[in-house]
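Student: I'll drop the sequence and a predicted model, then ask my questions.
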Amino acid sequence: MESATVSQAHMMGCSDLCQGLEARPVSLLSDELPLFQYTPEHVAGAGADLDPTEISFPGCDCLGTVCLPDSCPCLRHSANYSELRLIIDRSEVRHAKPVFECNIMCKCGDSCPNRVVQRGLQVQLQVFQTGQKGWGLRTLEPISVGQFVCEYAGEILGFREACRRVRLQRPSDSNYIIVLREHFHGGQMTETFVDPTYIGNIGRFLNHSCEPNLFMVPVRIHSAVPRLALYAARDVASGEELSYDYSGKFHNPSAVGKESETAERSEPRKRCYCGACSCRGFLPYDASLYPAQRSKNIHL
């Protein structure tokens with residue numbers, strides 16, 4: 001997996017924050033940037049049970065240019081990217097159908113419509129300073145509803161390491177750790193801990209909004225570890241800041257993200273500055289990373 005260190009190289013004339021590791025460059029509207037290592041996809045971190053770079057799924061034998069649900073095993077849960085199925089499922093169904101893209105083992109070509117997230121960035125984006133919210137990410141071109149925008153990528157951690165990192169955070173520190181919970185039929189649930197604090201992609205600059213224009217969907221391609229893909233929940237205008245709901249509930253009720261909204265916390269909650277009419281006043285926060293709260297919040 002390729003990665004790059006983002007540092008003062010940008011101030012010396014580097015116009016691409018991603019340093020060529022994405023399909024499209026991402027500009028930076030600032031004179032400085034926190035030091036972190038750039039990676040376009042997940043990497044294995046401390047305590048991870050699975051290596052996100054390991055190929056886990058067999059490929060399809062489709063030889064045509066378009067894989068069809070009736071014959072392609074990757075589409076056993078129906079077509080992924082037709083008729084805005086992603087949005088329809090997540091606004092109407094409690095347990096959304098899993099999304100599996102065709103992978104590196106598949107015989108279908110690169111033009112297969114079931115290859116979207118793996119193509120990487122296709123939108124011109126920019127990282128900028130927002131003021132009260134700190135760093136932010138915005139689009140420099142219009143985005144259509146249902147369009148894939150970017151991933152939220154970082155280190156895949158084990159539960160103990162995720163808890164350790166959270167406990168070391170100061171009240172003034174930003175929390176980048178996401179806990180993705182996927183609920184399956186039969187009461188089964190899996191958890192994925194993603195931290196782009198030290199190694200991550202542009203998704204780390206996305207701010208929370210109580211009325212976001214993006215929603216997150218777990219997508220599996222080569223690995224059993226889900227890629228956290230962000231899609232447009234509505235048409236987004238050029239120059240508009242991009243955001244998603246840190247709680248993970250927007251258009252995806254079966255997953256919980258950075259926080260349980262009903263969680264209790266000993267330290268002061270961080271205020272939300274999204275400016276939405278329905279703003280809840282405080283940023284979401286996941287109490288499950290604090291062992292004393294885990295048992296009562298794990299099934300939210």
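Tutor: Cool, the structure landed. Please read these numbers as outputs of a predicted model, since none were measured by experiment. Numbering: from 1, shown residues only.

Student: Going by C-alpha atoms from here, please, whenever you check contacts or count neighbours.
Tutor: Noted.

Student: Run through the residues that contact the spatially closest residue to Asn213 that is not a sequence neighbour.
Tutor: What sits nearest to Asn213 in space, not counting adjacent residues and going by CA to CA, 6 or more residues apart in numbering, is Ala233, at 5.2 Å. Under the criterion of CA atoms under 8 Å, 6 or more residues apart in numbering, the contact partners of Ala233 comprise 87, 145-146, 212-215.

Student: Which one of those is nearest to Pro69?
Tutor: Of all the contacts of Ala233, the one sitting nearest Pro69 is Ile87; the distance, using CA to CA, is 18.6 Å.

Student: Residues in contact with the strand ranked longest in the chain: which ones?
Tutor: Among the elements of the chain assigned as strand by DSSP state E, the one spanning the most residues is strand 189-200. Outside strand 189-200, the residues within contact range by CA under 8 Å, 6+ apart are 35-42, 152-159, 162, 175-183, 204, 225-226.

Student: so where's the stretch 51-200 of the chain shaky on pLDDT?
Tutor: Within the stretch 51-200 of the chain, the stretches with pLDDT under 70 are 83-96.

Student: Quick one: the strands in it, in order.
Tutor: Assigned strands in the stretch 51-200 of the chain, in chain order: 99-100, 125-129, 135-139, 148-151, 154-157, 178-183, 189-200 (criterion: DSSP state E, counting those that start in this stretch).

Student: can you tell which of those is closest to Leu75?
Tutor: With CA to CA as the criterion, Leu75 lies closest to strand 99-100 of these, at 6.9 Å.

Student: Now do Met12, the pLDDT please.
Tutor: Looking at Met12, its pLDDT stands at 37.

Student: same deal with the one 5 residues further on?
Tutor: Here, the pLDDT recorded for Leu17 equals 93.

Student: Give me the neighbour count for it.
Tutor: 24 (other CA atoms under 10 Å).

Student: Likewise for Arg164?
Tutor: Neighbourhood size, Arg164 [other CA under 10 Å]: 12.

Student: do the same with Asp245
Tutor: 26.

Student: Surely it is in contact with His208?
Tutor: Yes - Asp245 is within contact range of His208, at 5.3 Å (criterion: CA atoms under 8 Å).

Student: Just want the angle from the longest strand of the chain to strand 178-183.
Tutor: Angle, strand 189-200 to strand 178-183, by axes from the mean of the first three to the mean of the last three CA atoms, to 10 degrees: 160 degrees.
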